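Colleague: only geometry, no sequence info:
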């Protein structure tokens, strides 16, 4: 009798799997636009001549507006329809990309990048919430989320590579033109292959809550990113404290509203809140490691941007493999065991980083990098699946927005904290090792960062420059090893926490 009443959820058909391929397109662009501009900075600087402050806004405004709008866009998708929001955002993303490509001033490019961030904020929550509704079977949903996570990693890996190729033959704006044809493809086939889902009892969008969430997220992430660049100062403390205060007011308002922007009861579920916490730790160590990996390739090993992009491209494949393995592993092993082992493998990758030197250890470096990517990828897939699976289907857009916001927080926090550690360690290591023949101002710049040491060396006689570069690169490599130890310890702690945190969830 009971068996007759209980039926398995329907399996996804070929239509849903083809639709998943369509959803991967905006995910690729979402992550590509976070990385592709890095290579274009020297070219657009020569053309638009932005000030130092304007250049920072050109690079950062995309991520700021993206992070601040994710929760609102996720909730809006629940209200008006996830496919509808995806197509509106996709069309806007394509048009604004052309506006960015043909910008004639720094102010115009800043405005275009801001609009790109707002448009991109519609993409990730819409795609992830559509997956939640298209794939009702738990096993198929995990595999679909694995593909979704892999598409982001592939986009992040090919962004610098594709950007480098475009810049070899075209002007800096060509890196934005790439977005338009892909979004046209999404608009052409999306209405045919993607179903529409919305919350039939959608709540009214509270504009005050929307503003509070935007201010809170923007202020905290701005403060964290400022720490990574300028270390701790009064503006960053003011931004973080102010953002947290606004966040407290936001939560207080959500508890009082009959129709809140965020259903705070979601955080009472161990699967939801625990997965978010582990996901923050994952993005913390992942983005923090990429911060010093990029510097090691270009400033220690002396690679150009394109060559560095070519060597980091395999990481995207490794991450994709790890993401796709996760659904297969949980069929044979408990989810908490898979997550814990993944963090242990990640720690092993960081341990390999402790063995590298300033030269002749590139093989060890690449081995550690690939082990790190393979290890950390299943964590993203499985914790994202838990976040989305533990939320009601009608609130999938909200859950997706929250999930993507923690991605931005974890990444910004990782770059700020681990970046500060490696910078402080570098300054300690290089003290007393600088060669003579350097002016006091040049020595101060060289002691500040490795990039500063490289810039100073370009203006010195060959013999002094060689000694300076040798000392600076050795100091940075030792600092990298220390940061890798910190990351390995965090990974082991995360493995232990996941075992205790998900024991009850895994049993269920």
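Modeller: Cool, got the structure. In this text, all values refer to a predicted model and were calculated from it rather than measured experimentally.
Colleague: and residue 454, what helix or strand is that in?
Modeller: Following DSSP states H and E, one finds residue 454 within helix 450-457.
Colleague: that helix: what's the following helix or strand?
Modeller: helix 462-501.
Colleague: buried ones in that next one?
Modeller: 464-465, 467-469, 471-484, 486-488, 490-492, 494-495, 497-499, 501 (16 or more other C-beta atoms under 10 Å). Heads up, the C-betas are built off the backbone N, CA and C, glycines and all.
Colleague: now the angle between helix 450-457 and it, please.
Modeller: 170 degrees (axes from the mean of the first three to the mean of the last three C-alpha atoms, to 10 degrees).
Colleague: and helix 462-501, what does it pack against?
Modeller: The elements that helix 462-501 packs onto, with contact taken as 3 or more C-beta pairs under 8 Å, 6 or more residues apart in numbering; DSSP states H and E, are helix 270-295, helix 335-353, helix 396-430, helix 450-457.
Colleague: among these, which gets the worst mean confidence?
Modeller: When those are ranked by mean pLDDT, helix 396-430 comes last with a mean of 70.
Colleague: give the contact list for residue 158.
Modeller: Residues near residue 158 by C-beta atoms under 8 Å, 6 or more residues apart in numbering: 28, 32, 313, 316.
Colleague: quick one: which of those is most hemmed in?
Modeller: Counting neighbours by other C-beta atoms under 10 Å, residue 32 leads those with 25 neighbours.
Colleague: okay but that residue is in contact with residue 155, surely?
Modeller: Yes: under the criterion of C-beta atoms under 8 Å, residue 32 is in contact with residue 155, at a separation of 4.5 Å.
Colleague: all strands of this protein, in order?
Modeller: Per DSSP state E, the chain carries no strands over any range.
Colleague: can you pull the domain assignment for it?
Modeller: Domain assignment for the chain by automatic domain parsing gives 13-156+163-204, 206-260, 266-508.
Colleague: kindly provide the distance from residue 84 to residue 214.
Modeller: Taking C-beta to C-beta, to the nearest Å as the measure, residue 84 falls 22 Å from residue 214.
Colleague: nope, residue 385 is what I meant
Modeller: From residue 385 to residue 214 the distance is 28 Å (C-beta to C-beta).
Colleague: what of residue 465?
Modeller: Noted for residue 465: a distance of 47 Å to residue 214, by C-beta to C-beta.
Colleague: with neighbour numbers in mind, choose between residue 385 and residue 214.
Modeller: residue 385 (27 against 20).
Colleague: wait, doesn't that one sit right on residue 141?
Modeller: Yes: at 6.4 Å, residue 385 counts as touching residue 141 under the criterion of C-beta under 8 Å.
Colleague: let me see the contact set for the residue nearest to residue 179 when sequence neighbours are not counted.
Modeller: Leaving aside its sequence neighbours, residue 179 sits nearest to residue 97 (C-beta to C-beta, 6 or more residues apart in numbering; 3.8 Å). Contacts for residue 97 (C-beta under 8 Å, 6+ apart) come out as 116, 176, 177, 178, 179, 180, 183.
Colleague: return the residues in contact with the third one.
Modeller: Which is residue 177. Residue 177 neighbours (C-beta under 8 Å, 6+ apart): 97, 98, 101.
Colleague: what pLDDT does it get?
Modeller: At residue 177, pLDDT is 84.
Colleague: also the first one?
Modeller: Looking at residue 116, its pLDDT stands at 87.
Colleague: residues touching it, list them.
Modeller: Residue 116 touches 33, 62, 93, 96, 97, 100, counting by C-beta under 8 Å, 6+ apart.
Colleague: mind putting the residues you listed in CSV, pLDDT included?
Modeller: As requested, those are exported to CSV (pLDDT from 0 to 100):
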residue, pLDDT
33, 68
62, 78
93, 88
96, 90
97, 88
100, 87
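Colleague: re the thing from before, in the helix holding residue 454, what counts as buried?
Modeller: 450, 453, 454, 456, 457.
Colleague: do stretch 209-220 as well
Modeller: 209, 210, 212, 213, 214, 215, 216, 217, 218, 219, 220.
Colleague: repeat that for stretch 159-173.
Modeller: Buried, per 16+ other C-beta under 10 Å, within stretch 159-173: 159, 160, 161, 162, 163, 164, 165, 166, 167, 172, 173.
Colleague: same check on stretch 85-100?
Modeller: Quick answer for stretch 85-100 (16+ other C-beta under 10 Å): 85-90, 92-94, 96-97, 99-100.
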